[in-house]
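Asks: I would like to see how this sequence folds:
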Amino acid sequence: AAPRIINITVSSSRDHTFQARCTAEGEPAPALSWSGPPDSSLSSSSISGHRVTRELRSLSHDGKYTCTAVNSHGRAEGAVYFYRFRASDSSSFMVLIFVPLAVKVVVLLVILSFTFFSREGQCPDCPSSP
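Replies: Residues are numbered from 1 along each chain as shown. From the prediction side, this is the model:
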């Protein structure tokens, strides 16, 4: 039977590293290979009857990882997209919050002072100066 990918996943471990795992089946058991961004280390492969699992450890780059299963009857591929969430630097976050706020406060103060000083000379009931 031609190979088929039956499961492809990405998971994380307690030490905050990520692994991709691919499981395929076929008759004869297919050979599995991973392709994608560089610098990811292959680790274990396991075969159980006509089912093969291959794990890619320490995913280090964002991108598309493709698992390919090949035997004498054909070929199958499955892919996962891996993107790590990166929290922004707290100092740049503070700048993004406080700079627009400071600009708004300055503009408000300018408007208030302009309004106050423009009314100063407009008092109809005030005695005129000699």
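
Asks: where along this protein do the helices fall?
Replies: In the chain, the segments counted as helices under DSSP state H are 90-119.

Asks: Contacts only, for residue 13.
Replies: By C-beta atoms under 8 Å, 6 or more residues apart in numbering, the contact list for residue 13 reads residue 19. The way it works is simple: take the backbone N, C-alpha and C, and place the C-beta from them, glycine included.

Asks: again with residue 45
Replies: Applying C-beta under 8 Å, 6+ apart, we find residue 45 in contact with 32, 52-55.

Asks: Recalculate using a threshold of 10 Å.
Replies: 22, 31-32, 52-55 (C-beta atoms under 10 Å, 6 or more residues apart in numbering).

Asks: What's the separation between it and residue 31?
Replies: Residue 45 sits 9 Å away from residue 31, taking C-beta to C-beta, to the nearest Å as the criterion.

Asks: shared neighbours of the two, which are they?
Replies: With C-beta under 10 Å, 6+ apart as the test, residue 45 and residue 31 both reach 52, 54.

Asks: still on that earlier bit, take the contacts of residue 45 and keep only those in strands.
Replies: The members of these that map onto strands under DSSP state E are 22, 31-32, 52-55.

Asks: Next, the distance between the ends of stretch 37-53.
Replies: By C-alpha to C-alpha, to the nearest Å, the extent of stretch 37-53 from end to end equals 20 Å.

Asks: how distant is that stretch from the center of its chain?
Replies: In terms of C-alpha atoms, centre = their mean, to the nearest Å, the centre of stretch 37-53 is set 25 Å apart from its chain centre.

Asks: now stretch 24-36
Replies: With C-alpha atoms, centre = their mean as the basis, stretch 24-36 stands 28 Å off its chain's centre.

Asks: now stretch 73-80
Replies: 26 Å.

Asks: Mind listing residues that contact it?
Replies: In this structure, residues lying in contact with stretch 73-80 by C-beta under 10 Å, 6+ apart are 1-10, 20-28, 30, 32, 35-36, 56, 59, 63-70.

Asks: Just the buried ones out of those, please.
Replies: Buried members of those, counted by 16 or more other C-beta atoms under 10 Å: 3, 5, 8, 20-26, 30, 32, 36, 56, 59, 65, 67-70.
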